[in-house]
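# predicted structure and sequence below. I'll ask about it afterward.
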Amino acid sequence: MLNVGVIIGERYEVVSRIGTGGMADVYKAKDHKLNRFVAMKVLKPEFSADTNFIRKFQREAQAAAGLAHPNVVNVFDVGEDQGINYIVMELVEGITLKEYISKKGRLTVKEATSIAIQVSMGLEAAHNRNIVHRDIKPQNIIISTDGKVKVTDFGIAKVAASNTISTNAMGSVHYSSPEQVRGGYSDFKSDIYSLGITMYEMVTGRVPFDGDTTVAIAIKHLQDEMVPPSHYVPGLPHSLEDIILKCTQKSPDRRYSTLAELINDLKHSLIDPDGDFVNLSPLSNHAQTVMLTPEEMKEIQNSGYVPNASYEDEAEEEREDDDDEDDDDDDDEIGGINTKLEKAMTIGGLIIGAVIICILIYIVASAAGLIGGSGNNREDTKTQQETTDDQEKVVVPDLTNMTPDQAQSTVKSLSLGITKGGEEASDKVEEGKICRQEPAANTEVDPNTQITYYVSTGAGGTEAEMVTIPTGLAWQRLSEVQSQLQELGLNPVLDPQQNSDVEIGYVISVTPAEGTAVEVGSDVTVAVSVGEGDLERVPNVIGLDEDQAKLMVESLGFVASIEHSYSADAGVGEGEVYAMSPDAGDKAASGSVVTLQILTVEETQTSTPSEDSDEDLDEDSNEDVNEDSDTETTDTNTETSDSSGTWATRSDLRIEAPDNYDGQMVRLRLVQGSGDNQEDTTILQDQALTFDENDQYTVGQITGQSGESAGTLYFDVMDESGNYTTIWSYPLEFSEQ
């Protein structure tokens, strides 16, 4: 266990311990180089002594580091310092889905569907990069305090599965696919099965298969039929139950082919809960429940459900070559071989046997010198064997003082990989040449090992004075690119451009180009798409928090540019919009940049982020919080306001239809006050509004806070994920009745 204050990797300071798992301890740490808090996983000592495990661990973590998605806990760094092996990840304040389910018993249909969609989107991004999670379960899904769902431990599950980790087996076997418990093999469809089990637990509050031992649970995954979730939740929508059943089919061929199909069906289920649109393939003879033979049962019991590492590696390599033989393999496992197939296999076996005998005769004759020359063949064979043994390990070349192009050529001929790790100041190596590499020169490594090199920036400054513009910024959201550049100490300068190919609000390119080394504080011009320029009215987002304001502005086709600053007379709370440009109500071209000024504390003050890990995300719980807030606000107003009567709007209050309202479910919210006295009250919810011939809707009289003469009515609509987004707002006047 690490002590608080320890510095790891010359940049990460341990702040506190967050938790522990089967293979690692998790700490909250501060990254002094980028001045931000991160989560750091440190391997336990028993794993740090296994060099083979460490090599796989680092390789998988490096692969996961290339995955960036809003629904994935991003991996920032991986390394080793004085025997301490660690992974640095994004710090997410919140609770795991497992804790959330335990807290609520079971989730609402809307909530479970929304979480499943977000998890699926994260997994889809991983699958598109050929990364399989292999250990999807509620413990590896985090719900942040702002309601975002993120999947963690990408790439780490494979390494953990290939080692005997008894503390992790029991928790994972509840969600393991039949192909995983049968032999340790997993692919993209195994993640879909595990996600289906997770969805089952979300809506029912229990897992479908349980038992006293891992072996008992594994056998149930293989041969027991699943109790439909509607047995425990009678009111469960028909479409959602079909989705769960399709995800959890025992045969991978009968599950969803891709996560894109699953996401489409989940979104469709929100619109048509009782629809019959899920395509469940009929069972064929070879897709029935597998009944294990006594020998297979004994093999599983002896294994104690510890996946076999060597089998897993071989299966992954052979899977690509044997796709066309999957159906035959399934038949072999089940034992359902018909008479014609058996006869064909018998004939094929005889032919193969004859070929093998001929080969053996040839080898023996060659070794005896009867065929193809003298007895020197033995020495040749021995020499070839020694050469093969020598090639099992590759000696890492010294890349120092080479250019990246020279290093590429050198490494390519040795069956090694190479990647750039960054740039560093060096007074020994001239600018533009490699000054450091990992692994070090003359180290023996396995073929295809990745070598990371660092390029010298010369001796004219320190490492902190130069940064490299990240790659992959094009086609990302503007807000995400701004955040990445600002974290590196760079100043993003917007360059709005009309473009019909790139989506509004997404980056076209950056100047200087991606991968260029620049000084800290330099300007980086960000070309952002503003579409083709249709006129829209700028919404009023004064008083909204940053996330709400950005969603509202972007939902109307504008590009939100966020700036954080302090103003003594802002009139709003910290983290809320106090100024905007263009002004609310002005008309601007669709795709134009709307700059939002977000209020921050004065520089002399410090703010402590909330670490409340038990925030309840359900709409009902939000209403409970509002009710508590109502009580506190009323008490405060009673003490500070001369008027204690009823304050309300006019009795015939009417609102106009927003331009971008298309008949979705609506929630109307009244917001009054500011700071600690702000009150958010739901006026109506889950209703589709009908407007009259004048595009108006009668709300009627609204009662507000005592003594408050003004307020704002927010018009929220439900999106395909079941979440509400603000699209318009109306200023209201209140008077004492």
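Sure thing, it's come through.
# how about low-confidence regions in the stretch 1-150 of the chain?
The stretch 1-150 of the chain contains residues with pLDDT under 70 at 22, 60, 63.
# mind listing the strands for it?
Ranges of strands in the stretch 1-150 of the chain, per DSSP state E, counting those that start in this stretch, are 7-8, 12-20, 24-31, 36-43, 75-81, 84-90, 94-96, 141-144, 149-151.
# a markdown table for these, including distance to Ile562 and mean neighbour count?
C-betas here are computed from N, CA, C, even on glycine. Formatted as a markdown table, the strands of the stretch 1-150 of the chain follow (distance: least, C-beta to C-beta, whole Å; neighbours: other C-beta atoms under 10 Å):
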| stretch | distance to Ile562 | mean neighbour count |
| --- | --- | --- |
| strand 7-8 | 32 | 16 |
| strand 12-20 | 27 | 15 |
| strand 24-31 | 22 | 20 |
| strand 36-43 | 17 | 20 |
| strand 75-81 | 22 | 18 |
| strand 84-90 | 19 | 22 |
| strand 94-96 | 22 | 20 |
| strand 141-144 | 19 | 22 |
| strand 149-151 | 21 | 23 |
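# minimum distance to Ala407: which of these has it?
Among the strands of the stretch 1-150 of the chain, strand 75-81 comes nearest to Ala407, with 20.9 Å by C-beta to C-beta.
# partner strands of the closest one and their direction?
Strand pairing for strand 75-81, using DSSP bridges, gives strand 84-90 (antiparallel).
# can you list contacts of the strand it pairs with?
2, 8-9, 12, 24, 29, 31, 38-43, 47-48, 54, 57-58, 61, 73-80, 150, 152, 156 (C-beta atoms under 8 Å, 6 or more residues apart in numbering).
# send me stretch 540-557 as CSV with only the CA atoms.
Below are the C-alpha coordinates for stretch 540-557, written out as CSV (Å, rounded to 0.1, in the frame of the first residue of the first chain):
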residue,chain,number,x,y,z
ASN,A,540,-31.5,32.7,-23.4
VAL,A,541,-29.2,30.6,-21.3
ILE,A,542,-28.3,33.1,-18.6
GLY,A,543,-28.4,31.4,-15.2
LEU,A,544,-28.1,27.9,-16.6
ASP,A,545,-25.1,25.7,-15.6
GLU,A,546,-22.4,25.0,-18.1
ASP,A,547,-23.7,21.6,-19.3
GLN,A,548,-27.4,22.7,-19.6
ALA,A,549,-26.4,25.8,-21.5
LYS,A,550,-24.1,24.0,-23.9
LEU,A,551,-26.8,21.4,-24.7
MET,A,552,-29.4,24.1,-25.2
VAL,A,553,-27.2,26.1,-27.6
GLU,A,554,-26.0,23.1,-29.5
SER,A,555,-29.5,21.6,-29.9
LEU,A,556,-30.5,24.7,-32.0
GLY,A,557,-27.5,24.2,-34.3
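# mind listing what's buried in it?
540-546, 548-557 (16 or more other C-beta atoms under 10 Å).
# list the contacts of that stretch.
If you take C-beta under 8 Å, 6+ apart as the criterion, stretch 540-557 is touched by 146, 479, 504-505, 531, 534, 536-539, 559-560, 562, 572, 575-580, 584-585, 590-591, 594, 596, 598, 660, 671, 674, 712, 725-729, 731.
# and if you look at stretch 8-21?
Contacts of stretch 8-21 (C-beta under 8 Å, 6+ apart): 1-7, 25-33, 37-40, 42, 77, 79, 81, 84, 86, 88, 168.
# return the set of buried residues in the helix or strand harbouring Gly421.
Assigned by DSSP states H and E, Gly421 belongs to strand 417-424. For strand 417-424, a neighbour-count test (16+ other C-beta under 10 Å) marks Ile418, Glu423, Glu424 as buried.
# find the nearest non-adjacent residue to Tyr12, please.
Once flanking residues are discounted, Tyr12 sits nearest to Ala29: 4.4 Å by C-beta to C-beta, 6 or more residues apart in numbering.
# check contacts around the one you found.
Ile8, Tyr12, Glu13, Val14, Val15, Phe37, Val38, Ala39, Met40, Val88.
# redo that, cut-off 7 Å
Tyr12, Glu13, Val14, Val15, Val38, Met40 (C-beta atoms under 7 Å, 6 or more residues apart in numbering).
# who does it form a beta bridge with?
Val14, Val38.
# circling back to that earlier point, buried only: go through the contacts of stretch 540-557 for me.
Counted by 16+ other C-beta under 10 Å, those give 479, 504-505, 531, 536, 538-539, 559-560, 562, 572, 576-580, 590-591, 594, 596, 598, 671, 712, 725-729 as buried.
# filter those down to just the ones in helices.
When DSSP state H is applied, these are split such that Ser479 fall in helices.
# please flag which of the buried ones among the contacts of stretch 540-557 sit within strands.
Judged by DSSP state E, strands contain the following of these: 536, 559-560, 562, 577-580, 594, 596, 598, 671, 712, 725-729.
# many thanks, we can stop here.
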